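Colleague: One predicted model, sequence on top.
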Amino acid sequence: MAPNPKLVDAFRAAETVQDGDTLYFGGTVLDRKPMELTRALIRAGRRDLDVVTFAGSLEIELLVAAGSVRSVAAAYVGLGRFGPAPRYVAGVKAGGFDDLEYSEWSLLGRLRAASMGIPFLPTRAGTGSETLAIHDFASVADPYSGDTYVALPPLQPDIALLHAWRASPSGHVQMASPPQHLWDIDVLAARAADRVIVGVDQIVSEEAIASIPERTRLFGFEVDMVVVLPGGSWPTSSPPEHDVDEGAIGAYVSSGGEPGTLDSARPS
Amino acid sequence: MAPNPKLVDAFRAAETVQDGDTLYFGGTVLDRKPMELTRALIRAGRRDLDVVTFAGSLEIELLVAAGSVRSVAAAYVGLGRFGPAPRYVAGVKAGGFDDLEYSEWSLLGRLRAASMGIPFLPTRAGTGSETLAIHDFASVADPYSGDTYVALPPLQPDIALLHAWRASPSGHVQMASPPQHLWDIDVLAARAADRVIVGVDQIVSEEAIASIPERTRLFGFEVDMVVVLPGGSWPTSSPPEHDVDEGAIGAYVSSGGEPGTLDSARPS
Amino acid sequence: MTASRGEIADLMVVALARMVVAGDVVGVGLGTPIALAAALVARHTTRHGVHVLAGGALDVSGGVESHLRHSRDQRGLTPGFVPHLDSMDMAERQAMTLQFLRPAQVDRFGNLNTSRIGVRSAPTARFSGGLATADVPALLPRVIAYHPDHRPRSLPAQVDWITGSGHGWAGNTRKAAGTVAVVTDLAVIEFVERRGRVESIHPWSDASTVGENTGFELSLPEDAPPTPEPTPDELEALDLVDPRRRRDEEVPDPPGRDRRVTS
Amino acid sequence: MTASRGEIADLMVVALARMVVAGDVVGVGLGTPIALAAALVARHTTRHGVHVLAGGALDVSGGVESHLRHSRDQRGLTPGFVPHLDSMDMAERQAMTLQFLRPAQVDRFGNLNTSRIGVRSAPTARFSGGLATADVPALLPRVIAYHPDHRPRSLPAQVDWITGSGHGWAGNTRKAAGTVAVVTDLAVIEFVERRGRVESIHPWSDASTVGENTGFELSLPEDAPPTPEPTPDELEALDLVDPRRRRDEEVPDPPGRDRRVTS
């Protein structure tokens, strides 16, 4: 067999991103954020990005500080128990990018419609909300009852960027067990996206994957690029490898949002 | 705490079924069929049942032989590598009950709509099929493209009857790991149904459940009754307890569909 | 009369817990220890006739701190884990029955704002976003809000932004009552027939304080009873589920600044 | 010319496998060893540029028998398991690209019958049901049928019941081509512009035998080539993926009764 073309470095992965792409950032709040892939995008000078994430944190901070974003679509952006995301909040207040707030169900419902391959997902979620009204979704009548529902259209990001535990050269990706909270949203976003780039703490053999097949969450044919990035989610968590680095996030907050405090990969 | 009312015997479970109910039978082909619960229904004399199952086999044979069914809705009825289901085929040919053949996606899609709590699920699956036309589903226009899709309405059985590995008195149900093929359809049907009755090979403590929480597939609040029925899926399989009893099924086929060969629970 | 952060947190938690009924399946969101403690206290006081789904795990024994652990540390403590998409389905099919929400603002209709103050393109404040706040009032049988800093800007006549629509909104096709009540650091208010009605006033407050600190007209009976103090059973449950008092984190310090310390 | 069950099974398997292209993700249904062997042979001959999902597991090493094992015995042999609802989603979003189907009848439009002969209320034959046969022609980029008993009642002008709609049906909004070909024990037939066209004839048959045993008019060039015999690489793959010849089970015994043993 030819050398597997899925294994690339972060530079090569960032090169495949175009200015203006719609990028989904995996992880939720302070867990599993693809920080090192985000740094690579910034180093590559990517701009006008339409950023989508279910619950964003420090990756959004870096991107906003670098001036890389055209819009941020999310159901939450903040630093969890560390409070608001200072760069993000300042950026929204200054009108520096389009603040596409989503409700949880409508963002995830759009990704579900894409991953299910259906034209729209009918839902009652969000009815009456101004946050829903931002998006101007069509409504649809239930052909059985005549009642009106929101019709969530598929959301298919150009690329999903994830950080995960480990993968094999052929691109099978495994996550920790027991599962970390909200892990399945990473899988959902990957299946919704056109292309998938996964940074992993460990690259392992195909045999290692097959030895615990029940932990495989994405298959090689669903993954376009694998980047070996030990500690690549730092300072956010990466189960089972490491927890949130609370000191580093505290230092970031204390600095008032100085991206330099997050510049490098995880200190070893 | 009061004695847990979820633990009942098969007689009591069968009593809660009404003539004319719509019953979903769990398991697929020769795996995890709720045979002992089916026998209890027949002993209780239940009639005019609207039977639903994704892929039916010997439970359908028993019910047809007993004259208990008004309709059979399924994407498959047969005995797998043992060939056709003789009583079922004879019953269909004689017009003994309504043969509500389903396509796989439309049956599972209706259960999904129910378990997702949505009014309908739009799909392209089954377009142009006479099997789909049996059900006279409404169509729906995608409000974005204008294209027409099938609108699958929710299917909410009155009761789902399952056979599973083990449960606790409070009704947490665990299944084998690695997962047996098609296990998730049992969970889907349980979540779609109004009420859920689960026969299990083993009753275990709440502590035993918590010791391997990642194997829990249904939670107590989703399960109405638990019946301790060791070998209750015989002669179909029940992982990890036992495989298909090929001899017993062969004997049934050789007998030309004599239900007496399947009358008792698993011989020990 | 004065009240400490701890007294305020305790009474808010038990007031919320008392609205939980046997059979409820309570979903708890991220970063809301008062909501989590209330659900767990209710689980205790109903003798486990209530289920709590928080952090992707069900009914984690050991209380608030255990629910906040990483899942790998929850083995032995929980009957099982729930993928998030399953919990979405549970909400939409109403297998989840109740959620407590902590918005920045609640208005006279029970509308909730967790989004922003001012216009979207250049707001004067941007909160972290509501996650499911926009969704669950239209899905669950009921939603109950809480706010630990009861003042006119927190309970205005009209929220600056409707993240989640309130009680009695039109168009719901199932039994989704919307936001049925709000528990504050001063009182318990229920939304009935599109109006806020004071059900009880906390011992350290009174009718005029509640009225003055609310930005809309309340139905406020002169004889509104005091919110009952935590019972011995409730106090025991509070100690069991939150011995390290994570619930206090949500109450401002000093509580209610200077407006409430004397009644 | 005569052909044994084994020769028929081998040539059908490799003819199907040759239609698989690198990058295909092939879904295989229950109880169809020829389909499974074909997908696994293609995986071998494309040097693993093909993925096979069967029995809820992906790319089980060890061939047909391993795929039929219980999942607990597949640890070490598969990269992972796929819940059935995930595989449904894969099909509908076209992450699954191909499925082989074995219907009772295939007609001139590639319509498939796995349901019944006669009216629904009192049919003269009731098959076991088509599972996804009705669904996948409208979902996947392409579907390929096979039938090991080529005769007019198997390939009629019109199927008795349209379980799965054929090639070129109206209304598909994605690139779902429907049933693009059928491989039989006599020939390889492709459906092009709503017409069956013979692509090749198996070595033991000829144009007139194919024509006489087909219930509809075929585009049948006089110079239709013989279906190439299995190559050494294909024979090696057949041995690797199905050493116990489970594929033979789907071929009737004696094959094709008396109509084909002499050409």
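Modeller: Yes, it's here. Numbering: from 1, shown residues only, chains lettered A, B, ... in the order given.

Colleague: all helices for the chain, in order.
Modeller: With no chain named, the answer covers chain A. A:10-15, A:35-43, A:58-65, A:86-93, A:104-116, A:130-133, A:183-192, A:206-211, A:246-254 (DSSP state H).

Colleague: That was the other one, I meant chain C.
Modeller: Under DSSP H, chain C gives helices at C:5-17, C:33-45, C:64-68, C:84-92, C:207-212, C:232-241.

Colleague: B:D19 is nearest to which of those helices?
Modeller: Comparison of the helices of chain C against B:D19 by CB to CB identifies helix C:84-92 as nearest, at 31.2 Å. For every residue, glycine as well, the C-beta is placed using N, CA and C.

Colleague: ok so, going back, take the helices of chain C and lay them out in CSV including distance to B:F82, mean neighbour count and mean pLDDT.
Modeller: Shown next, in CSV, are those (distance: least, CB to CB, whole Å; neighbours: other CB atoms under 10 Å in any protein chain shown; pLDDT from 0 to 100):
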stretch, distance to B:F82, mean neighbour count, mean pLDDT
helix C:5-17, 56, 24, 97
helix C:33-45, 49, 27, 96
helix C:64-68, 49, 20, 83
helix C:84-92, 35, 22, 97
helix C:207-212, 74, 15, 95
helix C:232-241, 55, 17, 96
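
Colleague: picking up where we left off before, figure out which of the helices of chain A is closest to D:V13.
Modeller: Per CB to CB, nearest to D:V13 of the helices of chain A: helix A:206-211, 25.6 Å.

Colleague: how about that closest one, does it reach chain B?
Modeller: No - Helix A:206-211 does not reach chain B (CB under 8 Å from any CB of the partner chain); its nearest approach is 11.4 Å.

Colleague: in that helix, what's buried?
Modeller: Of all the residues in helix A:206-211, those buried under the rule 16 or more other CB atoms under 10 Å in any protein chain shown are A:I209, A:A210.

Colleague: Can you list the neighbours in contact with it?
Modeller: Here helix A:206-211 makes contact (CB atoms under 8 Å, 6 or more residues apart in numbering or on different chains) with A:166-170, A:172, A:174, A:216, D:61, D:75-80.

Colleague: hmm, 10 Å instead?
Modeller: The contact list for helix A:206-211 (CB atoms under 10 Å, 6 or more residues apart in numbering or on different chains) reads A:166-174, A:202, A:204-205, A:215-216, A:219-220, D:59-61, D:74-80.

Colleague: I'd like to know which of the helices of chain C is closest to B:Y76.
Modeller: Counting by CB to CB, B:Y76 lies closest to helix C:84-92 out of the helices of chain C; the figure is 25.5 Å.

Colleague: how far out from the middle of the chain is the closest one?
Modeller: 20 Å (CA atoms, centre = their mean, to the nearest Å).

Colleague: How about it and chain B, any contact?
Modeller: Yes - Helix C:84-92 is in contact with chain B by CB under 10 Å from any CB of the partner chain, via C:L85, C:D86, C:M88, C:D89, C:M90, C:A91, C:E92.

Colleague: Check which helices and strands that helix is in contact with.
Modeller: helix A:104-116, helix A:183-192, helix B:104-116, helix B:183-192, strand C:25-28, strand C:51-54 (3 or more CB pairs under 10 Å, 6 or more residues apart in numbering or on different chains; DSSP states H and E).

Colleague: now the angle between helix D:84-92 and the fourth one, please.
Modeller: By that I understand helix B:183-192. 100 degrees (axes from the mean of the first three to the mean of the last three CA atoms, to 10 degrees).

Colleague: is C:T179 in a bridge, and if so with what?
Modeller: Beta-bridge partners recorded for C:T179 (DSSP bridges): C:V143.

Colleague: Against C:G166, how distant is it?
Modeller: Distance, C:T179 to C:G166, using CB to CB, to the nearest Å: 5 Å.

Colleague: Need the overlap of contacts for the two.
Modeller: Residues touching both C:T179 and C:G166 (CB under 10 Å, 6+ apart) are C:V106, C:D107, C:F109, C:G110, C:N111, C:L112, C:P137, C:V143, C:A145, C:F191.

Colleague: Which two among those are spaced furthest apart?
Modeller: Counting by CB to CB, the most remote pair of the shared contacts of C:T179 and C:G166 is C:D107 and C:V143, 14.3 Å apart.

Colleague: which residues does residue 114 contact?
Modeller: As the question left the chain open, I've gone with chain A. A:A114 makes contact with A:121, A:152-157, A:188-189, A:191-194, D:89, D:93 under the criterion CB under 10 Å, 6+ apart.

Colleague: hm, I was asking about chain C
Modeller: Counting by CB under 10 Å, 6+ apart, C:T114 touches A:76, A:101, A:131, C:101-105, C:127-134, C:159, C:161, C:163-164.

Colleague: Can you read off the pLDDT for it?
Modeller: If you check C:T114, the pLDDT there is 96.

Colleague: Sketch out the low-pLDDT regions of chain A for me.
Modeller: Residue ranges of chain A with pLDDT under 70: A:1-4, A:264-268.

Colleague: That one against chain B: which residues are in contact?
Modeller: Counting by CB under 10 Å from any CB, the residues of chain A lying close to chain B are A:109, A:112-113, A:116-125, A:137-145, A:147-149, A:151, A:153-154, A:177-179, A:212-214.

Colleague: Mind giving me the ChimeraX select for the residues you listed, buried ones only?
Modeller: This is the ChimeraX syntax for the buried subset of the residues of chain A next to chain B, where burial follows 16+ other CB under 10 Å:
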select /A:109,112,113,116,117,118,119,120,121,122,123,124,125,137,140,141,142,143,148,149,151,153,154,177,178,179,213,214
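
Colleague: ok, which of the residues of chain A next to chain B also contact chain C?
Modeller: Okay, of the residues of chain A next to chain B touching chain C (CB under 10 Å from any CB), that's A:109, A:112, A:123-125, A:139, A:142, A:145, A:147-149, A:177-179.

Colleague: Could you dump the residues you listed into CSV and include distance to A:D31?
Modeller: Below are these laid out as CSV (distance: CB to CB, whole Å):
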residue, distance to A:D31
A:G109, 22
A:R112, 21
A:T123, 26
A:R124, 29
A:A125, 24
A:S139, 35
A:D142, 37
A:S145, 40
A:D147, 38
A:T148, 37
A:Y149, 32
A:S177, 15
A:P178, 14
A:P179, 11
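
Colleague: ok, those residues vs chain B, which is closest?
Modeller: Nearest to chain B among those is A:D142, at 4.0 Å by CB to the nearest CB.

Colleague: is it true that that closest one touches A:V150?
Modeller: No - using CB atoms under 10 Å, A:D142 is not in contact with A:V150; the gap is 11.5 Å.

Colleague: intersection of neighbour lists for the two?
Modeller: A:P122.

Colleague: got the contact list for stretch C:217-228?
Modeller: C:11-12, C:14-15, C:18, C:108, C:155, C:157, C:183, C:186-190, C:192-193, C:195-208, C:210-211, C:214, C:234.

Colleague: roughly how far out does it sit from the chain middle?
Modeller: 19 Å.

Colleague: And stretch A:139-151, by the same measure?
Modeller: The answer for stretch A:139-151 is 31 Å, by CA atoms, centre = their mean.

Colleague: Using PDB, write out every CA atom in it.
Modeller: Output in PDB follows, covering the C-alpha atoms of stretch A:139-151 (Å, rounded to 0.1, in the frame of the first residue of the first chain):
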ATOM      1  CA  SER A 139     -41.800  27.200   8.600                       C
ATOM      2  CA  VAL A 140     -43.600  24.100   7.500                       C
ATOM      3  CA  ALA A 141     -47.100  22.800   8.000                       C
ATOM      4  CA  ASP A 142     -47.400  19.300   9.400                       C
ATOM      5  CA  PRO A 143     -49.300  17.600   6.600                       C
ATOM      6  CA  TYR A 144     -51.200  15.500   9.200                       C
ATOM      7  CA  SER A 145     -52.300  18.100  11.700                       C
ATOM      8  CA  GLY A 146     -51.800  21.300   9.800                       C
ATOM      9  CA  ASP A 147     -49.900  22.700  12.700                       C
ATOM     10  CA  THR A 148     -46.900  24.900  11.900                       C
ATOM     11  CA  TYR A 149     -43.300  24.000  12.800                       C
ATOM     12  CA  VAL A 150     -39.900  25.500  12.300                       C
ATOM     13  CA  ALA A 151     -38.100  23.800   9.400                       C
END
